[in-house]
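Novice: can you look at this prediction? I've put the sequence above it.
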Amino acid sequence: MDRIFTGLDIGNGEIKIVVVSAGKTSNTDDNKYYVLTTTSVKTNGLKKNTIYDDKKLKSSLLGALKITEEKIGMKIKEVILTLPANRASMTMESGLVNIKGETVSGRDIDAVIKDTVEDTYDDTRELVSCLPISFTVDDEASVINPLQERGDKLFLKAVVATSPKEEIYPFINIVRSVGVNITDIIYNTQADYYTVATKELDRKMGAIINIGADITSVGVFNKGIMIKNSYIPVGSSSVDKDIAFVYKVDLKEAKKLKESFALTSARYADNNDSIAVETKENKKITINQMQISEVIESRIKEILKLAKNEINRLTKREISYIIVVGGISELAGFNYVVEETLGRNASCFNMNEIGARHNKYTSAFGSCKYFDKKCTLREKDINMFDLDEIDNFISPKKKNINNDTMTNRFFGHFFDN
């Protein structure tokens with residue numbers, strides 16, 4: 001039976017939830033992921049990764065959970081939570097343990113990870129992740145996955161990531177306060193990588209830029225592992241404010257104009273295309289598509305240049321790729337501005353997972369892939385939904401003719417046929 005996970009991304013602009021079914025495909029060892037449902041609701045009570053109103057944020061989260069539960073007909077009890085990496089610390093560590101049996105098992109991997117993280121951080125910080133770089137069994141060549149390797153000793157080299165408790169506990173406490181358990185945690189930008197990852201990227205040095213509502217996160221990755229990170233206190237909400245200021249409209253109207261009328265690149269805008277709107281002073285004005293696109297392009301270029309400066313500050317090594325994610329990257333013409341500002345090795349990611357075709361879901365979706373790969377490596381079979389509950393949900397006795405479609409969605413056959 002496929003495993004079902006829930007990824008939760010509490011962003012400054014929106015709360016995103018993605019429910020994913022993970023299972024083996026018939027012709028490959030790699031797992032396949034199917035999006036069962038997605039939800040996004042406006043975030044209240046959070047700004048620049050700081051919770052300023054617990055009640056408002058809790059209400060937003062409850063609303064997102066309720067919508068998701070109504071879609072899938074099951075109670076969400078556990079999630080993988082993505083977290084901001086504002087003051088994250090990443091260090092290279094190593095561990096060594098004796099192999100208990102004749103071959104390496106998930107139990108041995110658990111043990112060596114525990115040995116690796118031991119005494120690497122103080123009581124003021126919390127462990128977020130321990131991402132393996134390589135395993136070595138005895139004196140053999142290093143491998144990515146040592147399961148079933150024969151030997152006596154297992155050595156691990158990994159990147160251990162921690163954050164101040166005061167930075168991440170408020171998010172953890174909010175989730176727990178609504179009766180949801182946190183099965184695992186991961187940084188947003190780390191989760192983004194698991195969404196965009198390919199075997200080619202896993203061999204390279206690169207960076208991911210996530211433009212959020214009012215924070216832009218930057219992560220530098222070496223062979224798929226985040227080794228440096230930073231953030232810029234500006235994001236997509238600045239674009240809305242620019243439009244609102246220039247045209248004297250409210251923020252709601254500014255966002256609507258950004259998403260449904262304007263382009264990111266003024267070069268591809270139509271100078272003859274215009275739209276009539278009403279200002280906050282109840283005046284009728286006409287907005288030209290090329291002119292409003294110039295406003296947006298200017299701000300986006302500023303954000304991307306700041307992010308590029310952060311990448312250059314974080315590493316002096318040659319960068320093979322830069323991938324930009326975030327909800328605003330869905331705007332028409334965004335990729336042209338990315339390439340023009342950051343160079344030919346930069347691109348805008350295109351989230352094309354059926355059921356989650358929007359770049360705002362990269363963190364929530366990636367958290368599920370991260371957790372599944374972590375479980376596979378440690379030989380753990382974890383399902384975030386009760387099996388009886390799933391069986392009842394898809395039981396033909398309790399469902400109508402559409403039940404067969406839902407069954408296939410859960411167990412991976414729908415998209416294989």
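Specialist: Sure, I can see it.
Novice: what about the helices in this structure?
Specialist: 54-72, 106-117, 165-177, 188-196, 236-247, 251-260, 289-314, 334-342, 362-377, 387-394, 403-411 (DSSP state H).
Novice: list of residues touching the fourth one?
Specialist: It stands for helix 188-196. Contacts to helix 188-196, defined as CB atoms under 8 Å, 6 or more residues apart in numbering, come from residues 7, 9, 82-85, 129, 131, 161, 208, 210, 217-219, 221, 224, 226, 229, 323, 325, 349, 351, 362-367, 369-370, 373. Every residue, glycine included, has its C-beta placed from N, CA and C.
Novice: need the contact list for residue 95.
Specialist: So residue 95 contacts 112, 113, 114, 115, 116, 117, 118, 155, 156, 158 (CB under 8 Å, 6+ apart).
Novice: could you rerun that using 6 Å?
Specialist: For residue 95, the contact set (CB atoms under 6 Å, 6 or more residues apart in numbering) comprises 112, 115, 116, 156.
Novice: check the gap between it and residue 136 for me.
Specialist: 11 Å (CB to CB, to the nearest Å).
Novice: got the domain boundaries for this structure?
Specialist: Structural domains annotated on the chain: 1-77+352-417, 89-164, 203-350, as defined by automatic domain parsing.
Novice: chain center to the longest one, what's the gap?
Specialist: Between the mean C-alpha location of domain 203-350 and the chain-wide mean there is a distance of 18 Å, by CA atoms, centre = their mean, to the nearest Å.
Novice: and if you look at the second one?
Specialist: Here domain 89-164 shows a centroid-to-chain-centroid distance of 24 Å under the convention CA atoms, centre = their mean.
Novice: pLDDT of that domain, averaged?
Specialist: Averaging pLDDT along domain 89-164 gives 95.
Novice: gap between the two ends of that domain?
Specialist: End-to-end span of domain 89-164 (CA to CA, to the nearest Å): 9 Å.
Novice: do the same with the last one
Specialist: Terminal residues of domain 203-350 are spaced 21 Å apart (CA to CA).
Novice: contacts for stretch 223-243?
Specialist: 48, 85-86, 88, 90, 131, 159, 190, 202, 211-220, 251, 254-255, 257-258, 295-296, 299, 303, 306, 310, 314, 328.
Novice: just stretch 80-90 next, same as before
Specialist: 7-9, 49, 159, 161-164, 167-168, 171, 175, 182-188, 191, 227, 229, 231, 363, 367, 371.
Novice: what's the span of stretch 23-31, first residue to last?
Specialist: End-to-end distance for stretch 23-31, by CA to CA: 5 Å.
Novice: spatially, which two of the contacts of residue 95 are the most separated?
Specialist: Spatially, the most separated pair among the contacts of residue 95 is 115 and 156, at 7.7 Å (CB to CB).
Novice: of these two, give the one with the bigger neighbour count.
Specialist: The neighbour comparison of residue 115 against residue 156 (other CB atoms under 10 Å) goes to residue 156, with 24 against 17.
Novice: so who does the more buried one touch?
Specialist: By CB under 6 Å, 6+ apart, the neighbours of residue 156 are 95, 112, 116, 135.
Novice: thought the last one was touching residue 145?
Specialist: No: if you go by CB atoms under 6 Å, residue 135 and residue 145 don't touch, sitting 7.4 Å apart.
Novice: more neighbours: the two, which one.
Specialist: residue 135 (24 against 13).
Novice: distance of that one relative to residue 155?
Specialist: Taking CB to CB, one finds residue 135 at 7 Å from residue 155.
Novice: on that earlier part again, any of the contacts of stretch 80-90 buried? List them.
Specialist: Among the contacts of stretch 80-90, the ones that count as buried by 16 or more other CB atoms under 10 Å are 7-9, 49, 159, 161-163, 167-168, 171, 175, 183-188, 191, 227, 229, 231, 363, 367, 371.
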